[in-house]
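1. give me a model of this one.
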Amino acid sequence: MTDTRHGIRRPTVADIQAGGFSTPWDAPMVPSFPFSFRNCEILTLYWRTDPEAMAFLLPPPLEPLGDVVCVHIYRMNDTDWLGPYSEANVMFGARLPGKIEGAYSPYLVLSSDIGVAHGREVHGQPKKLGEPALDVRGDLIVGQVRRNGIDVIVGTTPYKQAPAGANDLKPYFDFATNLNLKAIDHIDGRPAIRQLTSRRLADVTVHEAWRGPCTVELRANAQLPVFRLPVLEMLEGFFWRADFNLVPGDVVHDYLEKA
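-> Model prediction:
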C-alpha cells in the first residue's frame, strides 16, 4: 500500500538512494536535472589581472590560462523551481592538463537560497547569498554585486551600441565549460567528496548580443574577496539575452580515488 498524504508520496529507500533526491522530502530544496532558464539577461565584463593571483586561487592540478577574468551578472527572469532571481559568476580560464579546458569559478553570488544550495551540493560551486543587480540607466547598462551591504563589484557598458554574435561572447576563454572544486565531508569530519567537476549549459539560444567598452570597479570584502583579482586593464563588455538548460556534468578529477 502506498503511503500518501496531502497528495505527496512517502519516499522509499530506493528513492532516497537514487540521484536527484533532496530534503525535506515533502518540499525538496534542490531541483533534479534538467531545468530551464528562459529570457536571461546577462552582463559580461572582462578585465586583465595578475596571473599569479589567478594561480593562487586555483586548486591543483588545475592551471591558469592567460591573464583575463570575467564576471557574468545575470537577471534570471524565468527559471524552473527557482523563479526570478539574480546571480553573478566570476571566472577565468583554466585547464586540467591532458583532459579539459574551460573556466574556473572562484566566486559566485546569488539572491536565491535554492540556487546556493544546488550550486554547492551538486556542482561544488562556491556560492554565497548576495545581491547581484542588473539595471539600465539611460544610455548605460549597470551591473552591481553586493554582499554585506558593500558593492563589491560595479561594472558598466554602453546600452546596445554595437551588435555582436554568439561566437563573439568568449574572446579570451571558453566560459561555457565551467570547472569547480567540490568538497563535502562526512558528519564525522572524514572527506566524503573531493572532486573537480565540469558542466556545460545545454540548448543555449542567444536571442541578442551587444558589445562595447566596459568599466569594472572592485571593492574589498573579506567574505567575497574578488579584490584578489585586481583590475589591471578594463577590456570589453557584452550584454546578451539567452535561454538555456542546466543538465548533469562530469567528474574530471577525483582527489580521493586510489591510484
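2. now do the phi/psi pair for Val13.
-> Here is the backbone geometry of Val13 (degrees, to the nearest 10): phi -60, psi -40.
3. go on, His118?
-> Backbone torsions for His118, taken as degrees, to the nearest 10, come to phi -60, psi -50.
4. model confidence for the closest residue in space to it that isn't next to it in sequence, exactly?
-> The shortest distance from His118 to any non-neighbouring residue, by Cβ to Cβ, 6 or more residues apart in numbering, is to Val30 (4.8 Å). Just so you know, the C-beta spots here come from the backbone N, C-alpha and C atoms, and that holds for glycine as well. Note for Val30: predicted pLDDT of 87.
5. thought Asp113 was touching Val30, still the case?
-> No. Applying Cβ atoms under 8 Å as the test, Val30 and Asp113 come out as separate, 10.6 Å apart.
6. ok, the residue nearest to His118 - contacts?
-> Contacts for Val30 (Cβ atoms under 8 Å, 6 or more residues apart in numbering) come out as Ser22, Ile114, Ala117, His118, Glu121, Val122.
7. go again using 10 Å as the cut-off
-> 20-23, 81, 114-115, 117-122 (Cβ atoms under 10 Å, 6 or more residues apart in numbering).
8. could you check how far it is from Ala14?
-> Separation of Val30 from Ala14 (Cβ to Cβ, to the nearest Å): 18 Å.
9. try Val116
-> 28 Å.
10. neighbour count: these two, which is higher?
-> Per other Cβ atoms under 10 Å, whichever of Val116 and Ala14 has more neighbours is Val116, with 20 against 8.
11. tell me the contacts of the nearest residue to the more buried one once chain neighbours are set aside?
-> The shortest distance from Val116 to any non-neighbouring residue, by Cβ to Cβ, 6+ apart, is to Lys127 (4.5 Å). The neighbours of Lys127, taking Cβ under 10 Å, 6+ apart as the test, are 87, 89, 105, 107-110, 112, 115-121, 180.
12. what about the residue most central in space within the chain, which SS state?
-> Geometric centre of the chain, nearest residue: Asn89, 4.4 Å, by Cα atoms, centre = their mean. Assigned state for Asn89: strand (three-state reduction, DSSP: H, G, I helix; E, B strand; the rest coil).
13. per-residue confidence at it?
-> Reported pLDDT for Asn89: 98.
14. how much space separates it from Ala18?
-> To Ala18, Asn89 is 29 Å away according to Cβ to Cβ.
15. coming back round to it: which strand residues bridge the residue nearest to the centre of the chain?
-> Partner residues in beta bridges with Asn89, using DSSP bridges, are His72, Leu108.
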